[in-house]
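Student: Below are the sequence and a predicted model; questions follow.
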Amino acid sequence: TNEEVLADSKKWLEESRAALLNVGAAQGTPTTNDEWKKEAVRRWGNKVSCTSDWKKYVESRLAKPPPPSALDLLQEYYAHDMWQLL
């Protein structure tokens, strides 16, 4: 069903996001604020700036799937492969 396809796509996107978060991190997922700062610098360079919560800073800049809309948009059925929509 459509709900199952959307659920599977969302699960895959969430797993992909988690994998992307770990790509290149030598020590795995950061746990302290300083480790999150190092991860931000590794990803985006020395000019990143944040005042306090580096975890929130990093995670806010990672791709995340939007929630499905109540409008039943055609695009959502093809979010996993946009070329099929064309």
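Tutor: Thanks, I have the structure now.
Student: What sits closest to Cys50 if chain neighbours are left out?
Tutor: Closest residue to Cys50 apart from its sequence neighbours, by CB to CB, 6 or more residues apart in numbering: Tyr57 at 4.3 Å. All C-beta spots, glycine's among them, are computed from the backbone N, C-alpha and C.
Student: Report how many residues lie close to that neighbour.
Tutor: 19 (other CB atoms under 10 Å).
Student: what helix or strand is it on?
Tutor: helix 54-60 (DSSP states H and E).
Student: What's the mean pLDDT across stretch 15-27?
Tutor: Here stretch 15-27 scores 65 as its mean pLDDT.
Student: Could you list the low-confidence segments of this structure?
Tutor: Across the chain, residues meeting the criterion (pLDDT under 70) sit at 20-27, 64-66, 78-86.
Student: Helices along that one, start to end?
Tutor: Per DSSP state H, the chain carries helices over the ranges 2-22, 33-44, 54-60, 74-77.
Student: Mind putting the ones you listed into TSV with distance to Pro67?
Tutor: Compiled in TSV, the helices of the chain are given as follows (distance: least, CB to CB, whole Å):
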stretch	distance to Pro67
helix 2-22	9
helix 33-44	25
helix 54-60	16
helix 74-77	10
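Student: how close does Leu73 get to Leu6?
Tutor: 11 Å (CB to CB, to the nearest Å).
Student: Compare these two (neighbour count), which wins?
Tutor: Leu6 (17 against 11).
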